[in-house]
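K.L.:
Okay, predicted coordinates and the sequence, questions at the end:
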Amino acid sequence: MAVTSDYALPCGRDVEQVWEAMDLADEHTRTCPHCAAVRESLQVLRAATAEMVREEVEPPGDLVSRVMSAVRADVRRADVVPLPGDGLARISTRAVAAVLRYAADGVDGVRARGCRVVEAPESTVADPLIEVELSIAITVGRVTHETYEEVRRRVLAAASARIGVRLAGLDLVVSDVLEG
Amino acid sequence: MIETVVSTPAVAAVAVHAAEQVAGVRVQPGVAGLVTSVVRAARQQIKGLRPAPVEGVRVRWSGAAVVLEVDVVISGEDQAAAVSRAVQRSVRALVPELTGVEVESVFVTVVDVAC
């Protein structure tokens, strides 16, 4: 507050002294009109700064997740396959893979691993087709033809019901066998 | 003769609003969009304003009409193809209605499906 020491009041005190004596009540402070005027504006200042001190500035709580989904969106936008329609709607291959993996996971004893999705060469704007390679791990007792059929059935159903594209091909790769 | 000029952020904000009218749709900004939004929000908050979101929609002018690119995350309940058609319809209908700007085409990219 040294800068204020030059502001001498007509009563002989300066602003610095009034600030020091703000909460004291000596004879001069109580009666002097100059000091009272300065004290009033200093009180406003003190209230305002106290408010700023109390205010806690925090980054929004969901900042990290917002940044991460922005990063994911950038990555995913680069790798897309067309959806049926006017050819302007597309879906990221990772989104398709997530849906198909989830569908395969629904079969007893099956764990979906990797899922590669590409647009089929014979795909057209009117009728987009995709090719899928899904690798799965199966519990040892369930390595049967029925399990493969069930996975195939569920993946095809999910592709049509939840994505809306047809599969030109689905390759199932049993990449691992799990202990049951 | 009165000429109305609609700015790019205004078109983008209406497009975001239109896309999010469709059930189960959230418009997803990329990193560039997020950075722009932070700067824009900070600048306007100083003036006590709260800007409508514009991120997740890219606007390109093609003469007087616009080409819009919308990135969305959808909930897994509905078919992705149907939802993106609904987003296209909603944006096509609302942007000219609210801004008077013609829409040439609406690209929709589903970046994620919430299972």
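P.N.:
Looks like it came in fine.
K.L.:
Kindly report the residues of chain B close to chain A.
P.N.:
Proximity of chain B to chain A is confined to B:28-34, B:56, B:71, B:73, B:76, B:78-82, B:84-85, B:88, B:105-113, B:115 under the rule Cβ under 8 Å from any Cβ of the partner chain. C-beta here means a position set from N, CA and C on the backbone, and glycine is covered the same way.
K.L.:
could you pull out the strands for chain B?
P.N.:
B:25-27, B:57-62, B:65-75, B:103-114 (DSSP state E).
K.L.:
same question but for chain A, I mixed them up
P.N.:
Using DSSP E, strands in chain A cover A:80-82, A:89-92, A:110-119, A:129-139, A:166-178.
K.L.:
in the sheet, who's paired with residue B:72?
P.N.:
residue B:27, residue B:110 (DSSP bridges).
K.L.:
wouldn't it be in contact with residue B:21 here?
P.N.:
No: the pair residue B:72 / residue B:21 is not scored as a contact, 11.9 Å apart, by Cβ atoms under 8 Å.
K.L.:
And the contacts of the helix or strand of chain A with the lowest mean pLDDT?
P.N.:
The weakest-scoring helix or strand in chain A, judged by mean pLDDT, DSSP states H and E, is helix A:27-31 (a mean of 78). The contact list for helix A:27-31, computed with Cβ atoms under 8 Å, 6 or more residues apart in numbering or on different chains, reads A:11, A:13, A:18, A:21, A:35, A:39.
K.L.:
ok, now which ones touch the third one?
P.N.:
Right, residue A:18. A:9, A:29, A:35, A:38, A:39, A:42.
K.L.:
residue contacts, the closest residue to chain B within chain A?
P.N.:
Of all residues in chain A, the one sitting closest to chain B is residue A:164 (2.7 Å; Cβ to the nearest Cβ). Shown in contact with residue A:164 (Cβ under 8 Å, 6+ apart): A:83, A:84, B:79, B:80, B:81, B:82.
K.L.:
That one and residue B:103: what is the separation?
P.N.:
23 Å (Cβ to Cβ, to the nearest Å).
K.L.:
returning to what we had before: of residue B:72 and residue B:21, give the one with the bigger neighbour count.
P.N.:
residue B:72 (27 against 14; other Cβ atoms under 10 Å in any protein chain shown).
K.L.:
Local confidence estimate at that one?
P.N.:
If you check residue B:72, the pLDDT there is 91.
K.L.:
now residue A:124
P.N.:
The model's pLDDT for residue A:124 equals 85.
K.L.:
That one: neighbour count?
P.N.:
Residue A:124, neighbours per other Cβ under 10 Å, totals 10.
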